[in-house]
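[1] Give the three-dimensional model of this entry:
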Amino acid sequence: MATTYSVAGNSQSSATTNTTTTQKTSDTLGKDDFLKLLITQLQYQDPMNPMEDKEFISQMAQFTSLEQMKNLNSSMQMTQASSLIGMKVTWTNSSNAEVKTGVVNSVRLVNGEPKLVIGSDSIELSKITGVEFPTTVSTNA
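    Prediction:
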């Protein structure tokens, strides 16, 4: 997963210090983010009124369920992409909005997402606008 960070500098006219802010541009939370939240929650809990075991078990069950659903979704996308091998597909080229058609040669996994390989192009599943059986030429003698 590629994460892009942007850094912005703000200076105030009355002060000589600069404030720098680092911000994540991705809106998705991963398992690392969840674990950081859990650790922070443990660090700042009230020692006189600690969290109950039931709350931790509930959070871990939700986290495990979410991770399994994400893995299932990834597996389903790969299965869907693999089923298109040999099929004639139509897609819109994002760079110049040109509609293209070709037969899927193979599937490649790029950053955890399946891409259809059609000639020299690598196409995302979401760009596919049509699927059909390739036409075969029959030779009757």
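
[2] so S106 bridges to which residues?
    V117 (DSSP bridges).

[3] which helices and strands does the lengthiest helix in the chain pack with?
    Counting residues, the longest helix found in the chain (DSSP state H) is helix 53-82. When contacts are defined as 3 or more Cβ pairs under 8 Å, 6 or more residues apart in numbering; DSSP states H and E, helix 53-82 sits against helix 31-43, strand 106-110, strand 113-118. Glycine gets a C-beta too; all of them are placed from N, C-alpha and C.

[4] And these, which one averages the lowest pLDDT?
    Here these differ in mean pLDDT, and the lowest is helix 31-43 at a mean of 81.

[5] got the contact list for that helix?
    51, 59, 63, 67 (Cβ atoms under 8 Å, 6 or more residues apart in numbering).

[6] Reformat these as CSV; add pLDDT, neighbour count and distance to S74.
    Output for these, formatted as CSV (pLDDT from 0 to 100; neighbours: other Cβ atoms under 10 Å; distance: Cβ to Cβ, whole Å):
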residue, pLDDT, neighbour count, distance to S74
M51, 72, 12, 32
Q59, 80, 15, 23
F63, 82, 15, 17
E67, 85, 13, 11
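
[7] Among the residues you listed, which one lies nearest to I118?
    When the contacts of helix 31-43 are compared for distance to I118 (Cβ to Cβ), E67 wins out at 32.1 Å.

[8] one step back: check which element follows the longest helix of the chain along the chain.
    strand 88-92 (DSSP states H and E).

[9] Could you list every helix and strand in contact with that next one?
    strand 99-103, strand 128-132.

[10] That one pairs with which strands, and in what direction?
    strand 99-103 (antiparallel), strand 128-132 (antiparallel).

[11] Show me how far stretch 38-56 is from its chain's centre.
    Offset of stretch 38-56 from its chain centre (Cα atoms, centre = their mean, to the nearest Å): 31 Å.
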